[in-house]
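S.K.: sequence unavailable; structure follows:
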């Protein structure tokens, strides 16, 4: 029971195949801790984004991608639950900031509700917009321009808007796919600090090819190589004393 | 190159010049607000040396009415089909449907006219604006489908992914994210489709037939500006009105083209 409480997501024997003869993610088993940050590292093409996108069923948007295994969250197998319901509980932040270009800042925050056909009254809308923007530290910067389009913000602000948009639905788990790779160093630092604070309210899985970032913000780390989960464990442990030779090679810059 | 490019504009300028010079002669307010004169009225006016009375109000009303009805029917169908074709462009069904759209676009308008005549005019036992609307709607459809498809294909997939990652339903994602994001291009395409079919004459000959007075009953035969032009051409006494009717038609088309450009520029995202 204690184990279940500490774990938000249990990945069991998860495989993803883009083509029938080759697994891009191969039989991954791992527990994702609650209210912590879990980093997935690995060289390009190792399957880290593929693994991440399996969790909120993004692969179903494209034809011919096979996902097998089990993903247990709050007593439900995510792969056997309604995909829309899964995505409401599992938020996602993408590599490039992608606020909806025709929507205002406020409408972007509320998009999760409007796209689900949920109606909110005015005070609920105001509360959600303010809370979500405050939680990403964007409220003071944009509170006077909530009706302006989100695309007028800077890249870093846009990415925080996208995080706020995902948080507005109060997800249990937040997936981040290299959220800072398109940002400058200052915006990256802001987002990293933000992510570290957000773990109080939501469990986070972040894909990153930046080892420094993984070490700075995560408590648990996964190292993937050629579709396989090579090593997974406490971040400090994994960085200071990796048990697998491939992890050691990656951390020392010999592969990747 | 420059010379060739300049040569390109010669036909257009020649057309505009000829139509404007000839058309302005009869272009009075009454020309826009009165119905077509009879041959007898025109003959009397010509012999007594006065201007031909009447105008093309019946044609303008008919053209606008049929265009609006055709648009109401064709635009939603065209846009949703276009979105579907863009989203499922890798399926065999969408490929076939897309090819069909091309063929429909290339179908000679006279054949469409005959088909609608067989489908609607014969069962309804009479020519009507409804039949004209169907013919124009079918002609608009492939143009709207194509422009929507192209517009949606150009959108980055990240919009679609972002919306669906929020648990959005497919239908609401299309309505609230995909179509608004591509709206500028879709609207431009739709206006161009309207301006392309506004001058269609042949399908209307088989369907709406024409009417000498302003007709609001869509179950009855109705006139259109291009039909009137054809009618004026065939009637020596009414021929002076030919150029003015052409000028009106040309002005409507130009207005649609210019406004589509303005919208396209304003709606850049």
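M.R.: Here it is on my side, so go on. It should be emphasised that the depicted structure is a prediction, and the values quoted were computed from it without experimental measurement. Numbering: from 1, shown residues only, chains lettered A, B, ... in the order given.

S.K.: neighbours of residue 150, how many?
M.R.: Looking at chain A here, since you left the chain open. When counting by other CB atoms under 10 Å in any protein chain shown, one arrives at 27 neighbours for residue A:150. Where C-beta positions appear, they are placed from N, C-alpha and C, glycine not excepted.

S.K.: hm, I was asking about chain B
M.R.: Neighbours of residue B:150 (other CB under 10 Å): 16.

S.K.: could you verify that it is part of a helix?
M.R.: Yes - under DSSP: H, G, I helix; E, B strand; the rest coil, residue B:150 sits within a helix.

S.K.: ok, it to residue B:33 distance?
M.R.: 40 Å (CB to CB, to the nearest Å).

S.K.: tell me the bridge partners for residue A:15.
M.R.: Residue A:15 has the following beta-bridge partners by DSSP bridges: residue A:68.

S.K.: how much space between it and residue A:28?
M.R.: Taking CB to CB, one finds residue A:15 at 7 Å from residue A:28.

S.K.: what of residue A:252?
M.R.: 24 Å.

S.K.: if I pick residue B:144, what's in contact with it?
M.R.: B:74, B:75, B:78, B:79, B:82, B:186, B:189, B:190, B:193 (CB atoms under 8 Å, 6 or more residues apart in numbering or on different chains).

S.K.: quick check: buried residues in the host helix or strand of the second one?
M.R.: In this structure, residue B:75 sits in helix B:57-87 according to DSSP states H and E. Neighbour counts using 16 or more other CB atoms under 10 Å in any protein chain shown place B:57-63, B:65-67, B:69-71, B:73-75, B:78-87 of helix B:57-87 among the buried residues.

S.K.: low-confidence stretches in the stretch 151-269 of chain B?
M.R.: The stretch 151-269 of chain B contains residues with pLDDT under 70 at B:268-269.

S.K.: which bits of it sit near chain A?
M.R.: Applying CB under 8 Å from any CB of the partner chain, one finds that the stretch 151-269 of chain B approaches chain A through B:156, B:158-169, B:172-173, B:176-177, B:180-181, B:183, B:269.

S.K.: please indicate which of these are buried?
M.R.: Buried among these (16+ other CB under 10 Å): B:159-168, B:173, B:176-177, B:180-181, B:183.

S.K.: ok, the residue of the stretch 101-250 of chain A found nearest chain B to residue B:45 distance?
M.R.: Residue nearest to chain B within the stretch 101-250 of chain A: residue A:115 (3.0 Å; CB to the nearest CB). In this view, residue A:115 and residue B:45 are 64 Å apart by CB to CB.

S.K.: who has more neighbours, the two?
M.R.: Using other CB under 10 Å as the criterion, residue A:115 and residue B:45 rank with residue A:115 on top: 27 against 17.

S.K.: so that one sits against residue B:169, correct?
M.R.: Yes - contact status for residue A:115 versus residue B:169: in contact at 6.9 Å, counting by CB atoms under 8 Å.

S.K.: quick check: residues of the stretch 51-200 of chain A near chain B?
M.R.: A:56, A:58, A:61, A:63, A:84-88, A:91-92, A:94, A:96, A:98, A:100-103, A:111-112, A:114-117, A:151, A:162, A:165-166, A:169.

S.K.: select only the buried ones of these in ChimeraX?
M.R.: To isolate the buried members of these in ChimeraX, using 16+ other CB under 10 Å:
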select /A:56,58,61,84,86,87,88,91,92,94,96,98,100,101,102,103,111,112,114,115,116,151,162,165,166,169
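
S.K.: the residues of the stretch 51-200 of chain A next to chain B in strands, which ones?
M.R.: A:91, A:92 (DSSP state E).

S.K.: okay, and the residue of the stretch 51-200 of chain B found nearest chain A sits in which element?
M.R.: Nearest to chain A in the stretch 51-200 of chain B, going by CB to the nearest CB, is residue B:168, at a distance of 3.0 Å. If you go by DSSP H and E, residue B:168 is not part of any helix or strand.

S.K.: list the contacts for the closest residue in space to it that isn't next to it in sequence?
M.R.: Leaving aside its chain neighbours, residue B:168 sits nearest to residue A:115 (3.0 Å; criterion: CB to CB, 6 or more residues apart in numbering or on different chains). Taking CB under 8 Å, 6+ apart, we find residue A:115 in contact with B:163, B:166, B:167, B:168, B:169, B:172, B:173, B:176, B:177.

S.K.: per-residue confidence for residue A:115?
M.R.: pLDDT, residue A:115: 95.

S.K.: would you check how far apart it and residue A:100 are?
M.R.: Applying CB to CB to residue A:115 and residue A:100 gives a distance of 9 Å.

S.K.: so what sits against both of these two?
M.R.: B:163, B:177.

S.K.: measure stretch B:160-175 end to end?
M.R.: 11 Å (CA to CA, to the nearest Å).

S.K.: what comes into contact with that stretch?
M.R.: Under CB under 8 Å, 6+ apart, the answer for stretch B:160-175 is A:56, A:58, A:61, A:84-88, A:91-92, A:94, A:98, A:100, A:111-112, A:114-117, A:162, A:165-166, A:169, B:80, B:83, B:87, B:176-178.

S.K.: likewise for stretch B:38-47?
M.R.: B:37, B:51, B:52, B:53, B:54, B:212, B:235, B:237, B:238.

S.K.: surely the last one is in contact with residue B:229?
M.R.: No - under the criterion of CB under 8 Å, residue B:238 makes no contact with residue B:229, lying 10.3 Å away.

S.K.: strands of the stretch 151-256 of chain A, start to end?
M.R.: Ranges of strands in the stretch 151-256 of chain A, per DSSP state E, counting those that start in this stretch, are A:173-177, A:203-207, A:220-225, A:228-234.

S.K.: turn these into TSV, including mean pLDDT, mean neighbour count and distance to residue B:127.
M.R.: Listed next are the strands of the stretch 151-256 of chain A as TSV, based on pLDDT from 0 to 100; neighbours: other CB atoms under 10 Å in any protein chain shown; distance: least, CB to CB, whole Å:
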stretch	mean pLDDT	mean neighbour count	distance to residue B:127
strand A:173-177	96	24	61
strand A:203-207	97	25	66
strand A:220-225	95	24	71
strand A:228-234	94	18	73
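
S.K.: low-confidence ranges, the stretch 151-256 of chain A, go.
M.R.: In the stretch 151-256 of chain A, no residues with pLDDT under 70.

S.K.: where do the helices of it begin and end?
M.R.: A:155-167, A:185-198, A:211-217, A:235-240, A:245-251 (DSSP state H, counting those that start in this stretch).

S.K.: number of nearby residues for residue A:251?
M.R.: 18.

S.K.: list the contacts of it.
M.R.: Residue A:251 neighbours (CB under 8 Å, 6+ apart): A:211, A:239, A:242.

S.K.: isn't the second one right up against residue A:223?
M.R.: No - under the criterion of CB under 8 Å, residue A:239 lies out of contact with residue A:223, with a separation of 10.0 Å.

S.K.: ok, back up a step: nearest to residue A:46, out of the strands of the stretch 151-256 of chain A?
M.R.: strand A:220-225 (4.5 Å; CB to CB).

S.K.: what lines up beside that closest one in the sheet?
M.R.: strand A:37-41 (parallel), strand A:228-234 (antiparallel).

S.K.: mind putting these in CSV, distance to residue A:49 included?
M.R.: CSV is the format used below for the strands paired with strand A:220-225 (distance: least, CB to CB, whole Å):
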stretch, distance to residue A:49
strand A:37-41, 8
strand A:228-234, 14
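
S.K.: out of those strands, which gets nearest to residue B:110?
M.R.: Across the strands paired with strand A:220-225, closest to residue B:110 is strand A:37-41 (CB to CB), at 63.1 Å.

S.K.: next, the angle from the closest one to helix A:185-198.
M.R.: 130 degrees (axes from the mean of the first three to the mean of the last three CA atoms, to 10 degrees).

S.K.: pLDDT averaged over strand A:37-41 - what is it?
M.R.: Rounded mean pLDDT across strand A:37-41 is 96.

S.K.: residues contacting that strand, please?
M.R.: Identification of contacts with strand A:37-41 by CB under 8 Å, 6+ apart yields A:32, A:48, A:51-52, A:195-196, A:199, A:203-209, A:211, A:213-214, A:217-224, A:235, A:250.
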